[in-house]
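>>> curious how this folds, go ahead:
(2 chains)
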Number of protein chains: 2
Amino acid sequence: MAVYTDVTAEQLAGFLAGYDLGKLLSYKGIAEGVENSNFLVHTSTGNYILTLYEKRVAAKDLPFFLGLMQHLHSRGISCPQPIENKKGELLGKVAGRPAAIVSFLDGLWIRRPSADHCAALGEALAKLHRAGLDFGRKRRNTLSVEGWRPLFEHCRGRADEVHRNLRDLIEKELAVLERDWPRRLPQGVIHADLFPDNVFFLGDSLSGIIDFYFACTDALAYDVAICLNAWCFEVDHSFNVTKGRALLQAYARVRALGEDERAALPRLARGAALRFLLTRLVDWFNVPPGALVRPKDPMEYFRKLRFHQKVKSASDYGIGA
Amino acid sequence: MAVYTDVTAEQLAGFLAGYDLGKLLSYKGIAEGVENSNFLVHTSTGNYILTLYEKRVAAKDLPFFLGLMQHLHSRGISCPQPIENKKGELLGKVAGRPAAIVSFLDGLWIRRPSADHCAALGEALAKLHRAGLDFGRKRRNTLSVEGWRPLFEHCRGRADEVHRNLRDLIEKELAVLERDWPRRLPQGVIHADLFPDNVFFLGDSLSGIIDFYFACTDALAYDVAICLNAWCFEVDHSFNVTKGRALLQAYARVRALGEDERAALPRLARGAALRFLLTRLVDWFNVPPGALVRPKDPMEYFRKLRFHQKVKSASDYGIGA
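Predicted structure coming up:
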């Protein structure tokens, strides 16, 4: 999608005058990010990403997101580094919008990750979790179990248009998860949206993690469950246990999964599948007419949910329960 | 708008393997170009623009456009340089589309050009015209006088929705220009779309000219007339003769305007205004529902046309007739 807000060269040069980033040489609106306007900015000191935060991102959450990237970057995580202006601030204003500049990361995202990519992802995720442990700020996960029923209310009336009985199936799953959701697992900063398009590789090496705008404080193992959903299924929606094992073992080498976390993995994975099923359903029914962007298929996550419902233990994902 | 065609890292890396451009490090779809999909590509040898040509650009014209950029670049004009692949070809295929790679140009475009900017533009335009004189290929201007009536047929039925009597006013103007259009002026390669957003500046210096996808063979003075329309009117639609003079004098210092060209300038300027009025009218009535792009105001060019209709001679534009 991208570039909702127009920025003139004069506005951008004025904004950059508040930074020690040299002279503005060029900038291009880039087709990235669904929620914000992003620009690739070239100055005499290098390449940067300028983000203008549009309405859907709550302004009150920006210090959490930017502070988190700054924290993780200082802990050696390869993620965009927010750039401070001359006053030491991370957040400014361009064209009437809250705006921030971060360092540009090279790298390419992989459409069909291999088991090796899954292992690299698992290791990076565990490092991210460890690096986040001493981050001072907290942000509630508004898209965890308490947020799912409100989402469901937005789409329950039309759910059956997408699949027969989908409404009842979601209703039942929601009741199970609301009752049995694991609430006492080790908490910390999670990325919460670590899909392949947010992970860059150069050759076979993971070179960076981007898009921290869903990051929040939640069960670390829930982030693992999101990644199992996002990285380890094949195009035919079958779960690839080799990829699951690669991801989980690589994760555990950096941060051991507790017995409670391993036991909770199937429920966490069901929850993660339901979360993306619900947000995709809501998006599915809210495509603006004539939109250039095709919404993502909600049924992909329904099929993943079906798989997780049959899982007996974490060993079905490739790790000892 | 931008980025119609999705390109995977694998597709792009495969395409780049046919070039001597080093290793692919990153690429971003950019929000530029109405007709094509454009990507900013970073490789180990530098920055490039990858363009995928969508349906509206006729494949048969691509050798003209790419050959022209190559020719002009070799003559010292600062424009994108098409990059040859290992076989010496300028045109290849990505994701099923004709595709080309050109060098990346730094620079910023100026929303409100000053008289100095207009002078820089005039000089660059004359240099472009001179550099194009020995370019071997020809391409007919499909948007010159013979193309206007067909455009009018597409919008005449609804023209009065935009402005009272607009249909009749265009009808009359079209008849005048079809009868009196200057057809024996010096010909050459013209850019034909040299609006401020296609001209880059770094500081006060003109650093590059882009977007040659309307370039064609036509009267050189017609290109001057297009620029008078695009650069020398104020936001309130009044003509700024200081800017006109700056543009024309700077042009004439590099390439003298003949007496016939100066005499024809008012009619050429009327034609240029009518051409953009007509294409904007057609676009105005063909906005896809829900489109993110607001079509440009046709009435801007109607007001410019009204001004040119009252012009007596080229001296009203700031140059001796």
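
>>> just the helices from chain A, written as ranges.
Remark: helices assigned in chain A by DSSP state H are A:9-16, A:62-74, A:115-132, A:145-155, A:159-162, A:166-180, A:220-231, A:241-254, A:259-284, A:298-310.

>>> what's the shortest one packed up against?
To tie it back to what came earlier, the one meant is helix A:159-162. Using 3 or more C-beta pairs under 8 Å, 6 or more residues apart in numbering or on different chains; DSSP states H and E, the elements in contact with helix A:159-162 are helix A:166-180, helix A:259-284. Backbone N, C-alpha and C define where each C-beta goes, glycine included.

>>> rebuild the ones you listed as JSON lines, extending it with mean neighbour count, distance to chain B and mean pLDDT.
Formatted as JSON lines, those follow (neighbours: other C-beta atoms under 10 Å in any protein chain shown; distance: least, C-beta to the nearest C-beta, whole Å; pLDDT from 0 to 100):
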{"stretch": "helix A:166-180", "mean neighbour count": "16", "distance to chain B": "26", "mean pLDDT": "97"}
{"stretch": "helix A:259-284", "mean neighbour count": "22", "distance to chain B": "15", "mean pLDDT": "96"}
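
>>> run a quick neighbour tally on the closest residue to residue A:284 other than its chain neighbours.
Excluding the flanking residues, the one nearest residue A:284 by C-beta to C-beta, 6 or more residues apart in numbering or on different chains is residue A:295, at 5.0 Å. For residue A:295, the count of nearby residues is 14 (other C-beta atoms under 10 Å in any protein chain shown).

>>> correct me, but residue A:295 touches residue A:287?
Yes. If you go by C-beta atoms under 8 Å, residue A:295 and residue A:287 touch, sitting 5.3 Å apart.

>>> coming back round to it: redo the helices of chain A as a markdown table? Include distance to residue B:114.
Shown next, in a markdown table, are the helices of chain A (distance: least, C-beta to C-beta, whole Å):
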| stretch | distance to residue B:114 |
| --- | --- |
| helix A:9-16 | 12 |
| helix A:62-74 | 37 |
| helix A:115-132 | 50 |
| helix A:145-155 | 52 |
| helix A:159-162 | 56 |
| helix A:166-180 | 61 |
| helix A:220-231 | 51 |
| helix A:241-254 | 58 |
| helix A:259-284 | 46 |
| helix A:298-310 | 53 |
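
>>> residue A:124: what's it in contact with?
Applying C-beta atoms under 8 Å, 6 or more residues apart in numbering or on different chains to residue A:124 gives the contacts A:77, A:199, A:206, A:209.

>>> and those, which two are furthest apart?
Maximum pairwise distance among the contacts of residue A:124 (C-beta to C-beta): 12.1 Å, between A:77 and A:199.

>>> follow-up on the earlier one: just curious, which of the contacts of residue A:124 is nearest to chain B?
Taking C-beta to the nearest C-beta as the measure, chain B sits nearest to residue A:199 out of these, at 12.0 Å.

>>> quick one, grab the pLDDT at that closest one.
For residue A:199, the pLDDT comes out at 98.

>>> do the one 5 residues further on as well
You'll see residue A:204 listed with a pLDDT of 87.

>>> let me see the contact set for it.
Contacts for residue A:204 (C-beta under 8 Å, 6+ apart) come out as A:116-117, A:120.

>>> please redo it, this time with the cut-off set to 7 Å
Counting by C-beta atoms under 7 Å, 6 or more residues apart in numbering or on different chains, residue A:204 touches residue A:116.

>>> need phi/psi at it.
Here is the backbone geometry of residue A:204 (degrees, to the nearest 10): phi -90, psi 0.

>>> find the residues that touch each one of residue A:77 and residue A:199.
residue A:209.

>>> more neighbours: which of these two?
More neighbours surround residue A:199 than the other of residue A:77 and residue A:199, with 27 against 19 (other C-beta under 10 Å).

>>> can you find the helix or strand in chain A with the smallest mean pLDDT?
Lowest by mean pLDDT, DSSP states H and E among the helices and strands of chain A is helix A:159-162, with a mean of 92.

>>> in that one, what counts as buried?
Buried residues in helix A:159-162, counted by 16 or more other C-beta atoms under 10 Å in any protein chain shown: A:159, A:162.

>>> likewise for stretch A:90-100?
Buried, per 16+ other C-beta under 10 Å, within stretch A:90-100: A:90-92, A:94, A:97-100.

>>> what sits up against stretch A:309-319?
By C-beta under 7 Å, 6+ apart, the surrounding residues in contact with stretch A:309-319 are A:228, A:241, A:244-245, A:248-249, A:252, A:262, A:265-266, A:270, A:321.

>>> please read the previous query as pertaining to stretch A:142-153.
For stretch A:142-153, using C-beta under 7 Å, 6+ apart, the contacting residues are A:170, A:174, A:177-178, A:181, A:218, A:271, A:274-275, A:278-279, A:282.

>>> again, 10 Å this time
With C-beta atoms under 10 Å, 6 or more residues apart in numbering or on different chains as the test, stretch A:142-153 has contacts from A:58, A:61, A:140-141, A:156, A:159, A:167, A:170-171, A:173-175, A:177-183, A:190, A:192-193, A:214, A:216, A:218-219, A:222, A:271-272, A:274-279, A:281-282.

>>> do stretch A:53-63 as well
Here stretch A:53-63 makes contact (C-beta under 10 Å, 6+ apart) with A:4-5, A:33-37, A:51, A:64-65, A:90-91, A:93-94, A:97-100, A:137, A:139-140, A:142, A:213-216.

>>> please repeat the previous calculation with a cut-off of 7 Å.
A:4, A:35-37, A:91, A:97-99, A:139, A:213.

>>> cool, stretch A:169-177 as well?
A:145, A:148-149, A:152, A:159, A:267, A:270-271, A:274, A:305.

>>> tell me the one of those nearest residue A:131?
residue A:271 (24.3 Å).

>>> in chain A, which residue is closest to the centre?
residue A:193 (1.7 Å; C-alpha atoms, centre = their mean).

>>> quick revisit: same list (the contacts of residue A:124) but as JSON lines, adding distance to residue B:237.
What follows is those, written out as JSON lines (distance: C-beta to C-beta, whole Å):
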{"residue": "A:77", "distance to residue B:237": "54"}
{"residue": "A:199", "distance to residue B:237": "51"}
{"residue": "A:206", "distance to residue B:237": "55"}
{"residue": "A:209", "distance to residue B:237": "50"}
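
>>> now residue A:265: closest residue in space that isn't a chain neighbour?
Residue A:265 sits nearest to residue A:314 (C-beta to C-beta, 6+ apart), 4.3 Å away.

>>> nope, residue A:234 is what I meant
Distances taken as C-beta to C-beta, 6+ apart put residue A:240 closest to residue A:234, at 5.5 Å, once the chain neighbours are dropped.

>>> now do the one you found, the pLDDT please.
pLDDT, residue A:240: 97.

>>> same check on residue A:54?
pLDDT for residue A:54: 84.

>>> swap in residue A:251?
For residue A:251, the model assigns a pLDDT of 98.

>>> go ahead and confirm it touches residue A:127.
No. Using C-beta atoms under 7 Å, residue A:251 makes no contact with residue A:127, being 9.4 Å away.

>>> of the two, who's got more company?
residue A:251 (27 against 20).

>>> who's in contact with stretch A:12-27?
Contacts for stretch A:12-27 (C-beta under 7 Å, 6+ apart): A:39-45, A:48, A:83, A:85-86, A:92, A:94, A:99, A:101, B:106-108, B:202.

>>> try 8 Å
Residues contacting stretch A:12-27 (C-beta under 8 Å, 6+ apart): A:7, A:9, A:39-46, A:48, A:50, A:83-87, A:92-94, A:99, A:101, B:104-108, B:200, B:202.

>>> tell me the domain ranges of chain A?
A:9-103, A:115-317 (automatic domain parsing).

>>> give the contact list for residue A:50.
A:7, A:12, A:27, A:38-39, A:41, A:94, A:99-101.

>>> re earlier: nearest to residue B:73, out of the domains of chain A?
domain A:9-103 (18.0 Å).

>>> distance between the ends of that closest one?
Separation of the first and last residues of domain A:9-103 by C-alpha to C-alpha, to the nearest Å is 20 Å.
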